[in-house]
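Novice: All I have is the shape, not the residue letters:
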């Protein structure tokens, strides 16, 4: 029998602010709570919306009612990090003062959190499909965290390379700092199911036999597309309004309104028209809840902007199309199915053989003039998909590609991360007995 390393209790604090992003930490929290020698705290903190000039605007707070019932929230006003000095602090917010839309109080910046703990752990609030912009690698979360947990070896190596080029070993050994243990966000996707308890009976009745399309709109799409993005969204709503076989589950980014107010005020009126058309003419649900996993579980397909949600959606094996703001179906096709010849050609594009593209992107359809949104809706609602061997093979391939590009694609990333952190504490002489 091994000798005990230490018997003292250890403390872990999860600092969160936006409930919609907290799935980056939830399964780690759940695993930590299982340890009888751990004092575990989930601490939501307030945050500010920023005005167009960058100054602090309204204060927001995602309180206990916005988290799952099994999460026990700690009051940030009475928990003094400086005095309590927890052994571990987890955060998913890397930006400190660099966020252009929202900002937590400076007391909860990574630079400050680092001073109050032995081990600061940063787990990104997002997951990646392919490459990432370099600015993600160099934020304060990467610099001040002792441990940065990433979804796969490929993403880990991107971080290591970019960070070492910029900082060398100024903030620690990059090989120890950046580790690939998976993402709890994937855990949540794999655990989610179409639970009747999560959806009101009247909504289930409205969905009926319709195919549910998850419409995801993001800040990145807004930044990149500006007016084109809003116009495309309006044409999409017109297309949806003509379909009785589709139910649209629209999830706009939770900070869309704040972003329009602070950074794109000229587009607010146009965006309001999009919302009006959706509300009056489209069979669907405007979902601004923090729970994206309900939408993933209930939807049959994904259509919308490029986002980290695509990486999560890959785990389901369901079809996906990335919208192109520059592609808009002509009016004659907006309210009806495409021609038989066009639909056949488009269907082949959605079921393209795996060898045409390699890596995660092979499972994603990109909107084009040859295969646009209307074609995608025709494909998603085609009853043949239930028995078509090519359609079933495409679904299986999407799941396979997800597994090939994800660490702990078995849904146990939270467990792996919790175990890894406990092993670090044991080396420091902190935590439970080692038997």
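Specialist: All right, it came through fine. Predicted, not measured: the structure shown is a model, and the values here were computed from it.

Novice: And this protein, what are its domain boundaries?
Specialist: With domains defined by automatic domain parsing, the chain comprises 10-183+408-427, 195-404.

Novice: State the distance spanning the first to the last residue of the shortest one.
Specialist: Start and end residues of domain 10-183+408-427 are separated by 13 Å (CA to CA, to the nearest Å).

Novice: what's the answer for stretch 194-207, then?
Specialist: Start-to-end, stretch 194-207 (CA to CA) is 13 Å.

Novice: What average pLDDT does it get?
Specialist: Here stretch 194-207 scores 87 as its mean pLDDT.

Novice: and what of stretch 422-434?
Specialist: Computed over stretch 422-434, the average pLDDT equals 77.

Novice: One more: stretch 222-238?
Specialist: Here the average pLDDT along stretch 222-238 is 83.

Novice: Show me what counts as buried in it.
Specialist: Using 16 or more other CB atoms under 10 Å as the burial criterion, the residues of stretch 222-238 that qualify are 222, 225, 229, 230, 231, 232, 233, 234, 235, 236, 237, 238. From N, CA and C alone the C-beta is placed, and that goes for glycine too.

Novice: residues in contact with the fourth one?
Specialist: Okay, so that is residue 230. Neighbouring residues of residue 230 by CB atoms under 8 Å, 6 or more residues apart in numbering: 222, 267, 270, 271, 274.

Novice: Poorly predicted segments of the stretch 301-435 of the chain, please.
Specialist: 329-349, 352-361, 431-435 (pLDDT under 70).

Novice: so where do the strands sit in it?
Specialist: Residue ranges of the strands in the stretch 301-435 of the chain, as given by DSSP state E, counting those that start in this stretch, are 301-304, 320-322, 365-366.

Novice: and among those strands, the most buried is which?
Specialist: Ranked by mean neighbour count, the strands of the stretch 301-435 of the chain are led by strand 301-304 with a mean of 25 (mean count of other CB atoms under 10 Å).

Novice: coming back round to it: between the domains of the chain, which gets nearest to residue 189?
Specialist: Among those, domain 195-404 comes nearest to residue 189, with 4.7 Å by CB to CB.

Novice: what's the first-to-last distance across the closest one?
Specialist: 28 Å.

Novice: from the middle of its chain, how far away would it be?
Specialist: Taking CA atoms, centre = their mean, to the nearest Å, one finds domain 195-404 lying 16 Å from the centre of the chain it belongs to.

Novice: go on, stretch 84-94?
Specialist: 21 Å.

Novice: how about that stretch: buried residues?
Specialist: 86, 87, 88, 89, 90, 91, 92, 93, 94.

Novice: And for stretch 54-71?
Specialist: For stretch 54-71, the buried set under the neighbour-count rule, 16+ other CB under 10 Å, comprises 57, 62, 66, 67, 71.

Novice: of all those residues, which comes closest to residue 286?
Specialist: residue 66 (17.0 Å).

Novice: one step back: now list the buried members of the contacts of residue 230.
Specialist: For the contacts of residue 230, buried by 16+ other CB under 10 Å: 222, 267, 270, 271, 274.

Novice: who's in contact with the fourth one?
Specialist: Taking CB under 8 Å, 6+ apart as the definition of contact, the neighbours of residue 271 are 230, 233, 256, 260.

Novice: Try it again at 7 Å.
Specialist: 230, 260 (CB atoms under 7 Å, 6 or more residues apart in numbering).

Novice: Let's see the pLDDT reported for it.
Specialist: At residue 271, pLDDT is 86.

Novice: Tell me the secondary structure at it.
Specialist: Counting by DSSP: H, G, I helix; E, B strand; the rest coil, the backbone at residue 271 sits in helix.

Novice: where along the stretch 51-200 of the chain do the helices fall?
Specialist: Per DSSP state H, counting those that start in this stretch, the stretch 51-200 of the chain carries helices over the ranges 81-84, 110-113, 140-144, 153-167, 174-177, 184-191.

Novice: Of all these, which one is nearest residue 37?
Specialist: Smallest distance to residue 37 across the helices of the stretch 51-200 of the chain (CB to CB): 16.7 Å, for helix 81-84.

Novice: Quick one: mean pLDDT for that closest one?
Specialist: Average pLDDT, helix 81-84: 96.

Novice: Generate TSV for the helices of the stretch 51-200 of the chain, with distance to residue 378 as supplementary columns.
Specialist: Conversion of the helices of the stretch 51-200 of the chain to TSV gives the following (distance: least, CB to CB, whole Å):
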stretch	distance to residue 378
helix 81-84	54
helix 110-113	47
helix 140-144	43
helix 153-167	34
helix 174-177	48
helix 184-191	26
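
Novice: winner for burial among the ones you listed?
Specialist: Greatest average neighbour count among these goes to helix 184-191 (a mean of 24), per mean count of other CB under 10 Å.

Novice: Spatially nearest residue to residue 313 (excluding sequence neighbours)?
Specialist: Excluding its sequence neighbours, the residue lying closest to residue 313 (CB to CB, 6 or more residues apart in numbering) is residue 302, at 4.9 Å.

Novice: I'd say that neighbour and residue 214 touch.
Specialist: Yes. In this structure, residue 302 is within contact of residue 214 by CB atoms under 7 Å, at 5.0 Å.

Novice: Report the set of residues contacting both of the two.
Specialist: The contact sets of residue 302 and residue 214 do not overlap (CB under 7 Å, 6+ apart).

Novice: Show me which of the buried residues of stretch 84-94 is closest to residue 400.
Specialist: Set against residue 400, the nearest of the buried residues of stretch 84-94 by CB to CB is residue 92 (28.3 Å).

Novice: Hmm, that closest one is touching residue 123, no?
Specialist: Yes. Here residue 92 reaches residue 123: they are 5.5 Å apart, a contact under CB under 7 Å.

Novice: any residues in contact with both of these two?
Specialist: Common contacts of residue 92 and residue 123 (CB under 7 Å, 6+ apart): 24, 25.

Novice: Quick one: residues contacting the spatially closest residue to residue 193 that is not a sequence neighbour.
Specialist: Once flanking residues are discounted, residue 193 sits nearest to residue 297: 5.6 Å by CB to CB, 6+ apart. Neighbour list for residue 297: 192, 193, 194 [criterion: CB under 7 Å, 6+ apart].
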